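**Q** sequence-free structure coming up:
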């Protein structure tokens, strides 16, 4: 897939007051927890079913959001994507690792993520058009990734 921007959402079993994530994401920045440059944290908890709390990075964002009325952690690649054949797998891997880190954080006791469903978006209309061809390309990669997972 040629899309540079890819999002992968790992659904949470339960909702979480988003303000509890703010100090966790700030700690990730301070301690360099991620292998990517994390810059800031923004709180959009006031937006109904919005982006919640966002960890803003140079090439990525993590956000704990409640779109569709379902809480979950989204990894969003914005730029500096890996080679095309690795992009989808990389986004899903990073989303799963982020979810695991949140589950293991003592300050978020009880937070659990599901491993049986992942939402993937490719909000890159230039490289991943919303047409039959774009869907076919993404579908083929999702099928291969599903087999690997």
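**A** Right, received. Where do you want to start? Because the structure is predicted, anything quoted here is derived from the model rather than measured.
**Q** is it true that residue 115 lies in a strand?
**A** Yes - counting by DSSP: H, G, I helix; E, B strand; the rest coil, residue 115 is found in a strand.
**Q** Could you report the distance from the residue most central in space within the chain to residue 53?
**A** Nearest to the mean C-alpha position of the chain, by Cα atoms, centre = their mean, lies residue 75 at 1.7 Å. Going from residue 75 to residue 53 by Cβ to Cβ, to the nearest Å gives 14 Å. Any C-beta I mention is one placed from the backbone N, CA and C, and that applies to glycine too.
**Q** ranges for the helices of the chain?
**A** 21-31, 87-104, 132-148 (DSSP state H).
**Q** Next, the buried residues of the shortest one.
**A** Read that as helix 21-31. Counting neighbours by 16 or more other Cβ atoms under 10 Å, one finds that the buried residues in helix 21-31 are 21, 24, 25, 28, 29.
**Q** Now tabulate those in JSON lines and tack on distance to residue 92.
**A** Listed next are the buried residues of helix 21-31 as JSON lines, based on distance: Cβ to Cβ, whole Å:
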{"residue": "21", "distance to residue 92": "21"}
{"residue": "24", "distance to residue 92": "21"}
{"residue": "25", "distance to residue 92": "20"}
{"residue": "28", "distance to residue 92": "19"}
{"residue": "29", "distance to residue 92": "23"}
